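# Kindly generate the corresponding structure for this input.
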Amino acid sequence: PTPPNCVCGALISNSECIDCGTIYVDIKTFMRKRKKTDWIPRESDRRYQLIMDTSLDVILTIDDSSKILFVSKSCEQIFGYTTAELQDQTITKLMPERMRRAHHDGFNKYLKTGHKNLDWDNVEVPGQTKTGEEISLRIIFGEFELKGKRYFTGFMRDVSRLRKAEEEQKKLATAINQSY
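The predicted structure follows:
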């Protein structure tokens, strides 16, 4: 049989035009292969949901207006909010009042200039629970783009107990040193 021709008139070899590079796909073969791998997104979704449901750290994603799009269940233990209560709220809800303006200004500056005021790989900042209690948070976050929009995902760990233990240790060391 004569090899088929591309719309440009050149020959097609191994599903690709030898002249213009157009790729030709047999739709039946494509659909058959797709059905065999159709389980991958569902399996991936289950793994993703398991991570979100069992993480001890709060995992959240915000958009470029600081609106919370997703937050893991651990926000209930750390902040006292349900995931539904935080949905579509701004991330400043999780900050003490005195930090909100700085976040807003720094975030907007970053969006315009790309200049980071904080180390995104490991920064310690105060957070605020639903009851108004201030806690110490260690945060790591990053940025990604999807369909022309910018998103930011962060991992927040409550380190308040660690900070209190360090303070107690310092007090004890000071008391021991003063006794000698």
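
# all helices for the protein, in order.
For the chain, the helices defined by DSSP state H cover 27-37, 39-54, 75-78, 83-86, 97-113, 160-179.

# Could you name the helices and strands sitting against the longest one?
Right, the one you point to is helix 160-179. Applying 3 or more C-beta pairs under 8 Å, 6 or more residues apart in numbering; DSSP states H and E, we find helix 160-179 packed against strand 134-146. Heads up, the C-betas are built off the backbone N, CA and C, glycines and all.

# The strand it packs on pairs with which strands, parallel or anti?
strand 123-128 (antiparallel), strand 149-158 (antiparallel) (DSSP bridges).

# Put together TSV for those strands, with mean pLDDT, distance to E134 and mean neighbour count on each row.
Shown next, in TSV, are the strands paired with strand 134-146 (pLDDT from 0 to 100; distance: least, C-beta to C-beta, whole Å; neighbours: other C-beta atoms under 10 Å):
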stretch	mean pLDDT	distance to E134	mean neighbour count
strand 123-128	93	5	16
strand 149-158	92	11	17
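
# among the ones you listed, which is nearest T54?
strand 149-158 (13.6 Å; C-beta to C-beta).

# got the angle for the closest one vs helix 97-113?
Interaxial angle of strand 149-158 relative to helix 97-113 (axes from the mean of the first three to the mean of the last three C-alpha atoms, to 10 degrees): 150 degrees.

# Touching strand 149-158 from outside, list them.
The contact list for strand 149-158, computed with C-beta atoms under 8 Å, 6 or more residues apart in numbering, reads 55-64, 69, 78, 94, 111, 127, 135-145.

# Among these, name the buried ones.
Buried subset of the contacts of strand 149-158 (neighbour count, 16 or more other C-beta atoms under 10 Å): 57-62, 78, 94, 127, 135-139, 141.

# Out of the strands paired with strand 134-146, which is closest to N117?
strand 123-128 (9.8 Å).

# Measure how far the closest one is from the centre of its chain, please.
17 Å (C-alpha atoms, centre = their mean, to the nearest Å).

# repeat for stretch 49-56
Counting by C-alpha atoms, centre = their mean, stretch 49-56 comes out at 13 Å from the chain centroid.

# pLDDT below threshold where in this protein?
By pLDDT under 70, the low-scoring segments of the chain are 1-43.

# hmm, back to that, in TSV, list the strands paired with strand 134-146 along with distance to G106.
Formatted as TSV, the strands paired with strand 134-146 follow (distance: least, C-beta to C-beta, whole Å):
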stretch	distance to G106
strand 123-128	11
strand 149-158	12
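
# Looking at those strands, which is nearest to Y180?
That would be, of the strands paired with strand 134-146 and by C-beta to C-beta, strand 123-128, which comes in at 33.0 Å.
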